[in-house]
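Participant: Provided below are the primary sequence and the corresponding predicted coordinates.
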Amino acid sequence: MANPSVYNFKRIKPVPRGKGIVEIVLSKTQRKTATVVHKKYEIGRIRRFYATKIKFAQQAFHDRISTIIAEFPKLNDIHPFYADLINVEVDKDHYKLALGEINNAKHLIDKIAKDYLRFLKYADSLYRCKCLKRAALGRMAKLMRQNSSAMTWLEEVRQKLARMPTIDPNAPTILLCGYPNVGKTSFLNKSTRAFGEVKPYAFTTQDLYVGHLEYETIRFQVIDSPGLLERPVQERNTIEMKSITALAHLRSCILFILDITDACGASLEKQIKLFDEIKVLFVNKPVIIALNKVDVCKRSELGEAEQDLLNQFEAANGKILEMSTGNDDIAEVKLKACTELLKYRVTRKLMGRDVSKIENRLHVAMPVKRDDKERLPFVPIEIQEARPRKLEKELEKEMGDEYFLDLKKNYRLKNEDEKYDIVPEIWNGKNVADFVDPDLERKLAALKAEEAKRAELGLYDPSSSEDEEDREIRLKAEAIREKKKLAMLVSGHKRRIKVPRLPRTAKKIETEEVASSFRKRGVDIKIGEETNFGRARSRSAARVESRKRKRDESTASRPRSTSRTPRDKSGLRDEVMRKKAKKMANVAQRPINLNARKGEADRRVLMAKPKHLFSGKRKLGKTTRR
């Protein structure tokens with residue numbers, strides 16, 4: 001659930017100018033409502049046409065203005081810190097007047113629409129209805145243009161609100177305050193992840209900046225406020241009033257920082273006077289005073305007058321802590337601020353009403369001794385005698401390089417001898433070890449020894465068993481195999497396809513080429529008309545056509561099968577019924593033919609832009625269609 005005390009000003013949408021809203025609404029009215037009306041329509045229909053436009057425009061203006069008013073915060077509904085901060089940034093009276101003007105414009109637009117809708121009931125022609133509609137929209141537009149300055153100013157306010165920091169007034173907060181250039185921003189940068197600009201001149205920080213730190217799992221927000229000068233509240237500027245607002249409304253721990261040197265442009269006396277002036281804002285809040293820049297000048301190095309002044313100040317307002325943001329020596333101050341703030345918040349909660357309600361429901365029962373006998377806690381003997389087990393980290397330090405991580409030594413098994421057994425390997429639901437011969441290694445060693453003896457005896461030496469003739473045959477066979485491999489490689493290289501290849505049926509082979517190849521192989525072949533080989537020729541297109549013609553002639557002479565009835569005669573009793581069905585089909589096709597369509601599924605648009613509708617000049621008159 002979102003915190004109601006934290007308001008996100010960045011979600012406010014940009015406010016359009018008065019003229020911009022007029023353009024948006026009129027354009028939307030034209031697009032979203034009907035655009036065609038004719039003077040021959042019934043007067044009731046014409047009145048409804050223009051009444052719709054007036055109602056739509058009125059509703060659009062109403063919604064736009066209502067959204068703007070609803071998004072801007074109401075000063076009475078938000079936290080007083082944000083309300084006063086908005087009053088500092090922009091005067092709250094002007095803020096309320098601007099929102100009131102556009103709210104009044106919304107009501108006037110509603111009244112205009114109501115009046116003209118009543119007038120429209122008595123309009124008796126299209127011309128008079130149109131005039132009333134134009135008058136109504138014109139008065140609405142004029143009213144919005146008159147409030148253009150208020151809407152422009154609200155847009156500037158929105159931009160200022162969007163730049164305001166997001167501060168939770170109820171979160172644990174440490175608020176930094178003091179003279180300008182005493183080291184507040186440096187403390188924020190060192191203690192949190194925030195990054196504030198640090199410059200050697202006054203009023204570098206002109207707004208409230210927020211950082212966050214964690215202490216004991218609690219998230220604290222640290223707020224850096226602009227510097228304050230020693231002068232009355234009425235004379236303070238806008239930048240200083242932001243700090244005053246934070247000091248007045250935030251329940252926080254005040255960290256007042258003093259500059260021990262004069263680098264900030266003010267002496268210690270002036271800084272103490274500033275503390276006394278704003279002390280009224282520290283009521284019921286923990287206050288911590290820190291002396292900064294002790295690395296440049298220590299407290300003991302100050303003059304006697306300044307030391308007496310600090311001692312008196314310390315006696316009246318509590319201990320002064322020393323720190324140095326230049327050397328990151330801020331740990332003591334940060335710890336003290338967080339601790340004091342937590343104590344303050346706990347005390348405040350205990351003082352509230354909710355605590356008393358809870359305390360009434362609680363009862364803490366304390367046990368009462370029934371006799372004087374001493375009863376010591378019982379610890380079993382096994383636990384007392386058991387030695388604490390050494391950690392693996394300690395064993396590693398003792399053993400050094402000899403240490404190895406044994407994960408199985410602490411296994412609790414019924415049989416301690418099974419600790420270091422190999423875990424069986426399961427494959428397809430079966431133990432692999434069941435299919436392994438346990439004597440496999442011994443048998444393999446024996447086989448290797450036997451093979452070594454055979455090799456020593458020369459049983460595997462090829463030169464010992466073959467004679468001269470066998471050796472010659474073996475060498476020839478090897479040479480033949482080698483030559484065959486080379487021939488296959490050369491043939492494959494030659495037959496490699498580099499271009500698209502024609503199918504075998506498309507090749508034309510001459511008979512003379514075939515006969516010569518046979519003669520080279522020692523086969524004598526004769527070529528003549530009396531041989532089948534001589535009469536053979538390649539298939540040609542003319543031959544295919546002649547075969548097709550012969551096939552058609554043979555089928556024409558054959559009677560057609562009457563097993564299948566044509567579609568136009570299927571289901572019809574006789575010729576009279578067939579003619580009647582044909583006539584009915586032609587009559588049903590006429591509407592489709594009139595629309596120049598081939599059938600029911602024809603969706604073609606023959607002419608996308610007819611010339612009689614898209615040619616010629618426009619006539620005189622206004623081009624607006626509103």
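Facilitator: Good, I have the coordinates.
Participant: Direction included, what does the strand or helix carrying residue 256 pair up with?
Facilitator: Applying DSSP states H and E as the criterion places residue 256 in strand 253-259. Sheet pairing for strand 253-259, assigned by DSSP bridges, gives strand 173-178 (parallel), strand 287-292 (parallel).
Participant: Can you dump the C-alpha atoms of the following helix or strand past that strand in CSV for me?
Facilitator: For strand 253-259, the following helix or strand on the C-terminal side (DSSP H and E) is helix 268-277. Coordinates of each C-alpha in helix 268-277 appear next as CSV, following Å, rounded to 0.1, in the frame of the first residue of the first chain:
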residue,chain,number,x,y,z
LEU,A,268,31.9,31.0,15.6
GLU,A,269,30.0,33.7,17.4
LYS,A,270,27.7,34.3,14.4
GLN,A,271,27.1,30.6,14.0
ILE,A,272,26.2,30.2,17.7
LYS,A,273,23.8,33.2,17.3
LEU,A,274,22.1,31.5,14.3
PHE,A,275,21.7,28.3,16.5
ASP,A,276,20.0,30.4,19.2
GLU,A,277,17.6,32.1,16.6
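Participant: in helix 268-277, what's buried?
Facilitator: Neighbour counts using 16 or more other CB atoms under 10 Å place 268, 271, 272, 274, 275 of helix 268-277 among the buried residues. Any C-beta I mention is one placed from the backbone N, CA and C, and that applies to glycine too.
Participant: wouldn't the first one be in contact with residue 306 here?
Facilitator: Yes - Residue 268 is within contact range of residue 306, at 5.6 Å (criterion: CB atoms under 8 Å).
Participant: The strand holding residue 256 - what's its average pLDDT?
Facilitator: Regarding strand 253-259, the rounded mean pLDDT is 90.
Participant: Centre of the chain to it, how far?
Facilitator: Centre-to-centre, strand 253-259 and its host chain are 42 Å apart (CA atoms, centre = their mean, to the nearest Å).
Participant: what does stretch 293-303 give?
Facilitator: The answer for stretch 293-303 is 53 Å, by CA atoms, centre = their mean.
Participant: Next, the buried residues of it.
Facilitator: Residues 293, 294, 302 are the ones in stretch 293-303 that count as buried (16+ other CB under 10 Å).
Participant: How about stretch 21-39?
Facilitator: By neighbour count on 16+ other CB under 10 Å, the buried set for stretch 21-39 is 21, 22, 25, 26, 29.
Participant: Contact partners for residue 481?
Facilitator: Contact criterion CB atoms under 8 Å, 6 or more residues apart in numbering gives no residues in contact with residue 481.
Participant: and it, how far is that from residue 487?
Facilitator: Distance, residue 481 to residue 487, by CB to CB, to the nearest Å: 11 Å.
Participant: same thing with residue 33?
Facilitator: 91 Å.
Participant: Equivalent analysis for residue 202, please.
Facilitator: Taking CB to CB, one finds residue 202 at 101 Å from residue 487.
Participant: Give me the more crowded residue out of those two.
Facilitator: residue 202 (16 against 10; other CB atoms under 10 Å).
Participant: how close does the more buried one sit to residue 162?
Facilitator: Look at residue 202 and residue 162: by CB to CB, they are 27 Å apart.
Participant: quick one: contacts of stretch 347-366?
Facilitator: Under the contact criterion CB under 8 Å, 6+ apart, stretch 347-366 has outside partners residue 251.
Participant: From start to finish, how long is it in a straight line?
Facilitator: Using CA to CA, to the nearest Å, one end of stretch 347-366 lies 25 Å from the other.
Participant: Then stretch 250-261?
Facilitator: The first and last residues of stretch 250-261 sit 30 Å apart, counting by CA to CA.
Participant: next one: it to chain centre, how far?
Facilitator: Distance, centroid of stretch 250-261 to centroid of chain: 41 Å (CA atoms, centre = their mean).
Participant: Go through it and flag the buried ones.
Facilitator: The neighbour-count check on stretch 250-261 (16+ other CB under 10 Å) flags 250, 251, 252, 253, 254, 255, 256, 257, 258, 259, 260 as buried.
Participant: For the second one, list the residues it contacts.
Facilitator: Listed by CB under 8 Å, 6+ apart, the contact set of residue 251 reads 169, 170, 173, 285, 348.
Participant: That one and residue 348, how far apart?
Facilitator: Separation of residue 251 from residue 348 (CB to CB): 8 Å.
Participant: coming back round to it: so of the contacts of residue 251, which ones are in helices?
Facilitator: Counting by DSSP state H, the part of those found in helices is residue 348.
Participant: Quick one: which of the contacts of residue 251 is the most crowded by neighbours?
Facilitator: With neighbours taken as other CB under 10 Å, the top of the contacts of residue 251 is residue 173, carrying 20 neighbours.
Participant: isn't it right up against residue 223?
Facilitator: Yes - applying CB under 8 Å as the test, residue 173 and residue 223 come out as touching, 6.1 Å apart.
Participant: Which residues are in contact with each of these two?
Facilitator: Taking CB under 8 Å, 6+ apart as the contact criterion, the common neighbours of residue 173 and residue 223 are 167, 250, 252.
Participant: contacting residues around residue 226?
Facilitator: Residue 226 makes contact with 180, 203, 205, 206, 207, 208, 239, 240, 242, 243, according to CB under 8 Å, 6+ apart.
Participant: Please enumerate the strands of this structure.
Facilitator: Secondary structure of the chain (DSSP state E): strands at 173-178, 209-215, 218-224, 253-259, 287-292, 320-322, 426-427, 430-431.
Participant: Out of these, which is closest to residue 90?
Facilitator: Residue 90 lies closest to strand 209-215 among the strands of the chain, at 20.3 Å (CB to CB).
Participant: angle of that closest one against strand 218-224?
Facilitator: In terms of direction (axes from the mean of the first three to the mean of the last three CA atoms, to 10 degrees), strand 209-215 departs from strand 218-224 by 150 degrees.
Participant: Can I get strand 209-215 in CSV, CA atoms only?
Facilitator: Output in CSV follows, covering the C-alpha atoms of strand 209-215 (Å, rounded to 0.1, in the frame of the first residue of the first chain):
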residue,chain,number,x,y,z
TYR,A,209,18.8,17.0,-1.4
VAL,A,210,18.2,13.4,0.0
GLY,A,211,20.5,10.5,0.6
HIS,A,212,20.0,7.2,2.3
LEU,A,213,22.1,5.1,4.7
GLU,A,214,21.5,1.9,6.6
TYR,A,215,22.1,1.3,10.3
